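>>> My questions are about this predicted structure, shown below with the sequence.
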Amino acid sequence: MAKQRVERKLAVILAADVAGYSRLMGADEEGTLSRMKAIQRDVIEPTIAEHRGRMVKTTGDGFLVEFASVVEAVRCAAAIQRQVIDRDRAQPGTRRIELRMGVNLGDVIADAGDLHGDGVNVAARLEALAEPGTICLSSAAYEQVRDRVDLVFEDRGEQLLKNIARPVRVWRARMGVSEAPVLGSSLPLPDKPSIAVLPFANLSNDPNQEYFADGVVEDIINALSHFPRLFVIARNSSFTYKGRPGIDIRQVGRELGVRYVLEGSVRRAGERVRIAAQLIDADSGAHFWADRFDGVLADVFDLQDSLARSVVGAIGPRLMSAEVERAQRKRAASLDAYDLYLRALPNVYAMTREGSDAALALLAQALAIDPDYAVAAGVASWCYAQRVAQRWRIDLEAEKRAGIDLGHRAIATGPNDPDALAMGGYAIAFLGDEMSAGLAAIERAIALNPNSTQALILAGWVYAFLGEAAVAVTTFERAMRLSPRDPTVFRIYAGLSFAYLLQERFEDTVLWARRTLDANPNLHPPLRFLAAALGHLGRSEEARVAVAHLRALAPDETITGFATWFPLRFSGRLPLILEGLRRAGLPE
C-alpha cells in the first residue's frame with residue numbers, strides 16, 4: 001500500500017495556560033472554574049475571533065490557537081493579556097488568574113483539525129518559559145513583528161527547551177502592569193554593566209545629617225548615570241531599600257536586575273567628611289573592590305567624583321578617561337546652597353501642596369545664595385508645573401510665569417546639567433507651550449545622561465503632548481525598566497494612561513489610570529484621563545464616579561477650564577478627550 005501523504009503547512013501557533021492553576025483550584029474550585037469560564041466566554045473566544053484565529057483545542061487550564069499571521073497572533077495575545085489583567089486587578093495576588101503565552105512560527109502537521117510537530121512543541125515550551133502575564137516569542141516569530149506591534153521586547157538569549165533538539169532564541173513581550181516587580185522576583189540583566197547604589201549609612205553623631213548622606217548617594221548615582229555604557233538604577237528604586245536591616249545583596253541584584261551593587265557609609269564630623277564604599281558582585285555576593293575617601297567639607301564634591309570614577313574603573317576598565325571627565329557637571333558654588341537644595345528634594349517628591357510650598361521656599365533661598373545654581377532652578381520650575389497640573393496654585397498666570405522664567409534660567413545656566421535641562425525643558429513646554437525648545441532641552445539631557453529616569457519620564461509627557469503617543473509609550477517603558485521599584489512610578493503610569501488615551505486604546509487607559517490612582521488617589525490628570533476613557537466606552541456609572549472624585553479634589557473643574565490650560569491642542573486629539581469628558585458628565 002502507498003504510504004498515506006501527511007499534510008504539512010507553515011502556521012503560527014499560540015499556546016497559553018493559567019499560571020498556578022492547581023493552586024487556584026485547590027483554594028477555590030468552584031469560584032476558579034466559574035471565573036475561567038467567564039474569561040473564556042467574554043475575553044478569549046471573542047478576541048481570537050476578532051484576530052481571525054482558530055481554536056485548535058482547549059485543556060483544563062490552557063488552549064492552543066492557530067493563526068495565519070504572526071502580527072495577528074501577537075496582537076491577539078497582547079489583547080487577551082491586557083483584558084485578563086484588568087478583570088482580575090481587584091483580586092488579591094494569590095487569587096489572580098494570570099496567563100502565560102508562547103508564540104511560534106513553524107512547520108506543523110495537520111490531522112483532523114488538530115496540529116502536531118515541532119512548530120507546536122516549541123510554542124508550548126515557550127509558554128512554559130513565560131512568566132505570568134507575559135508572552136514569549138521564538139526568534140522566527142519575533143522577526144515578523146519586531147516593527148509592527150506596539151510592544152516592548154526583551155532578548156532572553158538562546159534557551160534549551162525540553163525535548164527540542166536545537167537551542168531557540170527567545171524574545172519576551174513586556175505587558176506593562178504585570179511587569180511591576182514584587183519582592184523576590186527577578187529581572188533579566190541588561191546587555192551592559194549594570195549597578196545599583198544603595199543608601200549609604202549615616203555614621204555621623206547627628207541623625208539630622210541623614211539628608212547629607214542621601215545627597216552624597218544621589219550625586220554618585222547622577223555621576224555614574226552620565227556613562228552611556230553603564231546601566232544605572234534610578235535613585236527612587238535604590239532608596240526603597242533604605243532602613244531595611246540585613247539586606248541580601250544577591251536578592252537586591254535579582255529584584256533590580258543588576259550585576260553590581262555599591263554600598264557604603266558617610267561620616268561627617270565638623271568640617272571633616274569620610275566616605276567609605278564597597279562594590280559587590282550581586283551574583284556571588286563577593287566583595288571585589290573597596291575604598292574610602294577623606295577630606296574637608298568644602299571638597300565633598302571632589303570626593304564624590306573620585307568615588308564615582310573608582311567604581312566605573314572597577315566595573316568597566318575599557319571606559320575612556322574622557323568619559324570619566326564628562327561625568328563631572330557644574331556644582332553649586334556654595335555648600336549652603338547645596339544643603340538647601342538637598343533639604344528641598346524630599347518635599348518635592350512628596351507630591352503634596354504642603355511639600356511644594358516648603359520646597360519652593362528652600363529653593364528660593366538656595367538661588368538667592370547662588371543665582372546660577374541650575375539644578376535648583378530646574379527643580380523649582382518643575383514644582384510650579386506640578387502646582388498648575390494639580391491645581392495647587394493660588395494665581396495661575398503668576399505661577400505659570402514663575403515656572404517658565406525658572407525653566408529658562410535652568411537651561412541657560414546648566415547647559416551640561418541633565419537634571420536642570422530636563423526639568424527646565426518640561427516647565428517651558430508644559431507651562432509656556434514652548435514644545436520644540438522644551439523637548440530639545442530634555443533630549444539633550446537624555447543624550448548627556450541616558451540613564452536619567454526623570455528625563456525619560458518628562459520626555460514621555462512632552463512626546464504625548466505633541467501627539468507622538470507610540471514614542472511616549474516606549475519612553476515611559478524604558479523609564480520603568482531603569483527604576484523598577486520607584487515609589488513615584490505612578491508618574492509613569494499616569495503618562496501611559498495619557499498616551500493610550502491619545503491612541504484611543506480606552507481599555508488600556510482605564511487600566512493604567514486606575515493603577516496610578518491606586519498608588520496616589522489625589523492626582524488630577526489620571527482622573528481626567530480615566531473619566532474620558534470611560535465616557536468613550538459608554539461605562540456611564542464608572543465615568544460619573546471618576547468625575548465625582550475629580551470634582552471633590554477640584555470643585556470648579558470644567559471642560560472649558562481644562563481645555564484652556566492643559567497643552568492638548570498640539571496632539572490634535574483635543575476634541576477626542578473633551579468629548580470623552582463630556583460623555584462622562586464633566587460640566588462645560
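Yep, that arrived. What you are looking at is a predicted structure, and each value in this text was computed from that prediction instead of being measured.
>>> Need the three-state assignment for Asp107.
Following DSSP: H, G, I helix; E, B strand; the rest coil, the label given to Asp107 is strand.
>>> Can you get me a residue count around it?
Residues near Asp107, counting by other CB atoms under 10 Å, number 12. To be clear about C-beta, it is placed using only N, CA and C from the backbone, and glycine gets the same treatment.
>>> who are the neighbours in contact with the residue nearest to it when sequence neighbours are not counted?
Computed as CB to CB, 6 or more residues apart in numbering, the closest residue to Asp107 that is not its neighbour in sequence is Gly119, at 5.3 Å. Shown in contact with Gly119 (CB atoms under 8 Å, 6 or more residues apart in numbering): 10-11, 13, 104-108.
>>> again, but for Arg235
Arg235 sits next to 217-218, 221 when contact means CB under 8 Å, 6+ apart.
>>> which of these lies closest to Pro371?
Closest to Pro371 out of the contacts of Arg235 is Glu218 (22.5 Å), distances taken as CB to CB.
>>> Give the full set of residues in contact with that closest one.
Counting by CB under 8 Å, 6+ apart, Glu218 touches 235, 342, 345.
>>> can you list those residues in TSV and add secondary structure, distance to Arg259 and pLDDT?
Output for these, formatted as TSV (DSSP: H, G, I helix; E, B strand; the rest coil; distance: CB to CB, whole Å; pLDDT from 0 to 100):
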residue	secondary structure	distance to Arg259	pLDDT
Arg235	helix	19	82
Leu342	helix	29	80
Leu345	helix	28	84
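>>> As TSV, the residues you listed with distance to Ser225 would be great.
Putting the contacts of Glu218 into TSV (distance: CB to CB, whole Å) gives the following:
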residue	distance to Ser225
Arg235	9
Leu342	18
Leu345	16
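>>> nearest to Phe566, of the contacts of Arg235?
Nearest to Phe566 among these, with distances taken as CB to CB, is Glu218, at 31.2 Å.
>>> circling back: can you tell me which of the contacts of Gly119 are buried?
11, 13, 104-106, 108 (16 or more other CB atoms under 10 Å).
>>> Domains in the chain, by residue range?
Domain ranges of the chain: 7-179, 194-326, 329-450, 453-588, per automatic domain parsing.
>>> Confidence-wise, which of those domains is weakest overall?
Among those, domain 194-326 has the lowest mean pLDDT, at a mean of 76.
>>> got the residue ranges for the strands in the protein?
7-18, 54-58, 62-67, 99-111, 114-116, 135-138, 152-159, 168-174, 194-197, 201-202, 231-232, 260-269, 272-281, 287-296 (DSSP state E).
>>> could you dump those to TSV with distance to Tyr463?
Formatted as TSV, those follow (distance: least, CB to CB, whole Å):
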stretch	distance to Tyr463
strand 7-18	32
strand 54-58	38
strand 62-67	32
strand 99-111	29
strand 114-116	42
strand 135-138	25
strand 152-159	15
strand 168-174	19
strand 194-197	26
strand 201-202	39
strand 231-232	22
strand 260-269	32
strand 272-281	36
strand 287-296	39
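>>> Quick check: which of the ones you listed is nearest to Gln386?
Closest approach to Gln386 among the strands of the chain (CB to CB): strand 231-232, 25.0 Å.
>>> okay, the domains of the chain in TSV with distance to Leu187 next?
Listed next are the domains of the chain as TSV, based on distance: least, CB to CB, whole Å:
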stretch	distance to Leu187
domain 7-179	9
domain 194-326	3
domain 329-450	18
domain 453-588	6
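>>> quick one: the helices in the stretch 401-550 of the chain?
Ranges of helices within the stretch 401-550 of the chain are 418-432, 435-448, 453-465, 469-482, 490-502, 506-519, 524-537, 540-553, based on DSSP state H, counting those that start in this stretch.
>>> which ones are touching Gln40?
By CB under 8 Å, 6+ apart, the neighbours of Gln40 are Thr58.
>>> Not counting its neighbours along the chain, what's nearest Leu456?
Using CB to CB, 6+ apart, the closest residue to Leu456 is Ala479 (3.8 Å).
>>> pretty sure the one you found is in contact with Gly460, am I right?
Yes: the pair Ala479 and Gly460 qualifies as a contact (CB atoms under 8 Å) at a distance of 6.8 Å.
>>> Give the residues shared as contacts by these two.
Ile492.
>>> Between these two, which has more neighbouring residues?
Gly460 (28 against 25).
>>> Quickly note the distance from the more buried one to Pro418.
In this view, Gly460 and Pro418 are 16 Å apart by CB to CB, to the nearest Å.
>>> neighbours around Ile559, how many?
Residues near Ile559, counting by other CB under 10 Å: 17.
>>> meant to ask about Pro567, not that
Neighbour count for Pro567, taken as other CB under 10 Å: 18.
>>> contacting residues for it?
Contacts of Pro567 (CB under 8 Å, 6+ apart): 429-430, 433, 435, 465.
>>> Repeat the analysis, applying 7 Å as the threshold.
Residues counted as contacts of Pro567 (CB atoms under 7 Å, 6 or more residues apart in numbering) are 430, 433, 465.
>>> Extract the CA atoms of stretch 370-389 and return them as PDB.
Taking C-alpha atoms only, stretch 370-389 is exported to PDB below (Å, rounded to 0.1, in the frame of the first residue of the first chain):
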ATOM      1  CA  ASP A 370      23.900  81.000  44.200                       C
ATOM      2  CA  PRO A 371      21.800  82.600  41.300                       C
ATOM      3  CA  ASP A 372      23.500  80.300  38.800                       C
ATOM      4  CA  TYR A 373      22.500  77.100  40.600                       C
ATOM      5  CA  ALA A 374      21.000  75.400  37.500                       C
ATOM      6  CA  VAL A 375      19.500  72.300  39.100                       C
ATOM      7  CA  ALA A 376      17.900  74.300  41.900                       C
ATOM      8  CA  ALA A 377      16.200  76.500  39.200                       C
ATOM      9  CA  GLY A 378      15.100  73.300  37.300                       C
ATOM     10  CA  VAL A 379      13.600  71.700  40.400                       C
ATOM     11  CA  ALA A 380      11.800  74.900  41.300                       C
ATOM     12  CA  SER A 381      10.400  75.200  37.700                       C
ATOM     13  CA  TRP A 382       9.100  71.600  37.900                       C
ATOM     14  CA  CYS A 383       7.500  72.400  41.200                       C
ATOM     15  CA  TYR A 384       5.500  75.100  39.500                       C
ATOM     16  CA  ALA A 385       4.400  72.700  36.800                       C
ATOM     17  CA  GLN A 386       3.200  70.300  39.500                       C
ATOM     18  CA  ARG A 387       1.200  73.100  41.100                       C
ATOM     19  CA  VAL A 388      -0.500  74.000  37.900                       C
ATOM     20  CA  ALA A 389      -1.300  70.400  37.000                       C
END
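>>> So which residues make contact with it?
Under CB under 7 Å, 6+ apart, the answer for stretch 370-389 is 330, 332-334, 337, 341, 344, 348, 351, 356, 359-360, 363, 366-367, 393, 396, 399-400, 402-403, 406-407, 409-410, 413-414, 417, 419-420, 423-424, 426-427, 430-431, 524-525, 565.
>>> what do you get for stretch 147-167?
Stretch 147-167 is contacted by residues 71, 74-75, 78, 118, 121-122, 125, 129, 142, 146, 168-174, 188, 470, 473-474, 477 when judged by CB under 7 Å, 6+ apart.
>>> swap the cut-off to 6 Å and go again
71, 74, 125, 168-174, 470, 477 (CB atoms under 6 Å, 6 or more residues apart in numbering).
>>> I'd like the distance between Val12 and Leu456.
Per CB to CB, Val12 is found 34 Å from Leu456.
>>> hang on, I meant Trp392
Trp392 is 25 Å from Leu456, where distance means CB to CB.
>>> So for those two, which residue has more residues nearby?
Leu456 (28 against 18).
>>> Thought Glu477 was touching the more buried one, still the case?
No: contact between Leu456 and Glu477 fails when scored by CB atoms under 6 Å: they sit 9.4 Å apart.
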